[in-house]
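Enquirer: Structure for this input, please:
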Amino acid sequence: MLKYDEFLKESLASQILDQPKSKAMSQAQKMGLTYVGFGRFADNQGSIAYLLDGDNLVPFTNQQDMYANYNKASTSGKNEKTDELKKQADQYTNTVYKRTQNDQKILSDESNMVMQVDQALKEFYNDSMFDSMEINTLIDFVSSDFEVVNTYLYQGFDPGTDEELAGFVTQMVDEIDILFEDSQAPFNYSVYTCLSGRYNPSQIEMNSEYVFRGYVSTSLDYNVCIESATEEAQMSSVTLLQIDIGQGQKSIYTEAFTQSGEMETMLPRGSKIVVVSGPHSLPSDVLLGSGSQLSITMFYCQLVEEI
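Expert: Predicted coordinates for the structure are as follows:
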């Protein structure tokens, strides 16, 4: 049986905040390293510098350098120096293999939990929650009207905006607001959203509160957010927010009605979040696959609302 609070333990923030308690961690702190989750430590430049292997810190070597060591060992003739070089390369390869196996298990567990939460939310947000007109309004809003409505909420109408369009947008806002009145999260769970390029992550402060003037599109799956952000803006870096939603807080799991595959939870306009921790630099090669050069900065947040 799914224990919903366990989903919070499978989140990206938990991978960073639940740091291993070991001699290696103490050593890393003395070296000024930062734990970025998934058994990896970054230097003060944000680059991966060490891997965790049991209770040992192993200096990080990129694949190109590792292959170069193997090539040097195999082409320089057999001697004590090349034997040691090959031994070091073999040990590092073994460390990477174990680290990769562990990464895959973590990501698999997280994916399985996401699917369980998706199913539970779909069972809760069923067709009896809204009438057919309300469901159609919600689907239209998510599929085609979200951008124009949110642009209005953030910037207002441009001078000379067609009266019919203005009337449509304001009516849509009224109708969507009504849907949120009787729609609350059935349990605690985490969602993700990416900030647009106009936000500077260096200006986001811990323990500060921020209010979204527009509706907030989030997903159970951080991959959906990252892919959408990078496809739309061709960005080389993204700012990712993990937001914990509390049971009873206003939200709508729109995926239950749209079946889009994006696992979207919509938050109402005026939603307020508090930044619990961050910034955290995430290892994109783990999350998105080896070779990824995307810079991912994450902030762990909680939705603030009277329950």
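Enquirer: show me where pLDDT drops low in the stretch 101-250 of the chain?
Expert: 232-234 (pLDDT under 70).
Enquirer: Mind jotting down where the helices sit in it?
Expert: Along the stretch 101-250 of the chain, the segments classed as helices by DSSP state H, counting those that start in this stretch run 132-140, 146-155, 163-181, 222-233.
Enquirer: out of the ones you listed, deepest packed?
Expert: helix 222-233 (a mean of 17; mean count of other C-beta atoms under 10 Å). Just so you know, the C-beta spots here come from the backbone N, C-alpha and C atoms, and that holds for glycine as well.
Enquirer: Go ahead and name everything in contact with stretch 219-231.
Expert: For stretch 219-231, the external contacting residues (C-beta atoms under 8 Å, 6 or more residues apart in numbering) are 12, 114, 117-118, 189-194, 196, 218, 235, 238, 240, 242, 262-265, 287-288, 294, 296.
Enquirer: returning to what we had before: mind putting the helices of the stretch 101-250 of the chain in JSON lines, distance to Pro279 included?
Expert: Formatted as JSON lines, the helices of the stretch 101-250 of the chain follow (distance: least, C-beta to C-beta, whole Å):
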{"stretch": "helix 132-140", "distance to Pro279": "34"}
{"stretch": "helix 146-155", "distance to Pro279": "24"}
{"stretch": "helix 163-181", "distance to Pro279": "30"}
{"stretch": "helix 222-233", "distance to Pro279": "15"}
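Enquirer: looking at these, which is closest to Ser202?
Expert: With distances scored as C-beta to C-beta, the stretch of the helices of the stretch 101-250 of the chain nearest to Ser202 is helix 222-233 (17.9 Å).
Enquirer: How far off centre is that closest one?
Expert: 10 Å (C-alpha atoms, centre = their mean, to the nearest Å).
Enquirer: hang on, the earlier thing: closest one to Asp53 among the helices of the stretch 101-250 of the chain?
Expert: helix 222-233 (26.4 Å).
Enquirer: Just the CA atoms of the closest one, as PDB, please.
Expert: The C-alpha trace of helix 222-233 is given here as PDB (Å, rounded to 0.1, in the frame of the first residue of the first chain):
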ATOM      1  CA  TYR A 222      11.000  16.900 -13.300                       C
ATOM      2  CA  ASN A 223      12.000  15.600 -16.700                       C
ATOM      3  CA  VAL A 224       8.800  17.100 -18.200                       C
ATOM      4  CA  CYS A 225       9.600  20.500 -16.700                       C
ATOM      5  CA  ILE A 226      13.300  20.500 -17.900                       C
ATOM      6  CA  GLU A 227      12.500  19.300 -21.400                       C
ATOM      7  CA  SER A 228       9.700  21.900 -21.800                       C
ATOM      8  CA  ALA A 229      12.000  24.700 -20.600                       C
ATOM      9  CA  THR A 230      14.900  23.800 -22.800                       C
ATOM     10  CA  GLU A 231      12.800  23.100 -25.900                       C
ATOM     11  CA  GLU A 232      11.000  26.400 -25.700                       C
ATOM     12  CA  ALA A 233      14.000  28.600 -24.900                       C
END
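Enquirer: I'd say Phe257 and Tyr125 touch.
Expert: Yes. Counting by C-beta atoms under 8 Å, Tyr125 is a contact partner of Phe257 at 7.2 Å.
Enquirer: Which neighbours do these two have in common?
Expert: Common neighbours of Phe257 and Tyr125 (C-beta under 8 Å, 6+ apart) do not exist.
Enquirer: about what we covered before: give the ChimeraX command for selecting the buried subset of the contacts of stretch 219-231.
Expert: Of those, the buried ones go into a single ChimeraX selection, burial set by 16 or more other C-beta atoms under 10 Å:
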select :12,114,117,118,189,190,191,192,193,194,218,235,238,240,242,262,263,264,265,287,288,294,296
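Enquirer: just to revisit the earlier point, can you say which of the helices of the stretch 101-250 of the chain is nearest to Pro201?
Expert: Across the helices of the stretch 101-250 of the chain, closest to Pro201 is helix 222-233 (C-beta to C-beta), at 13.0 Å.
Enquirer: Show me the one of the helices of the stretch 101-250 of the chain that comes nearest Gly214.
Expert: helix 146-155 (3.7 Å).
Enquirer: how distant is stretch 170-188 from the center of its chain?
Expert: Worked out by C-alpha atoms, centre = their mean, stretch 170-188 lies 24 Å from the chain centre.
Enquirer: and what of stretch 253-269?
Expert: Worked out by C-alpha atoms, centre = their mean, stretch 253-269 lies 16 Å from the chain centre.
Enquirer: May I have the distance across it, first residue to last?
Expert: Distance between the two ends of stretch 253-269: 15 Å, counting by C-alpha to C-alpha, to the nearest Å.
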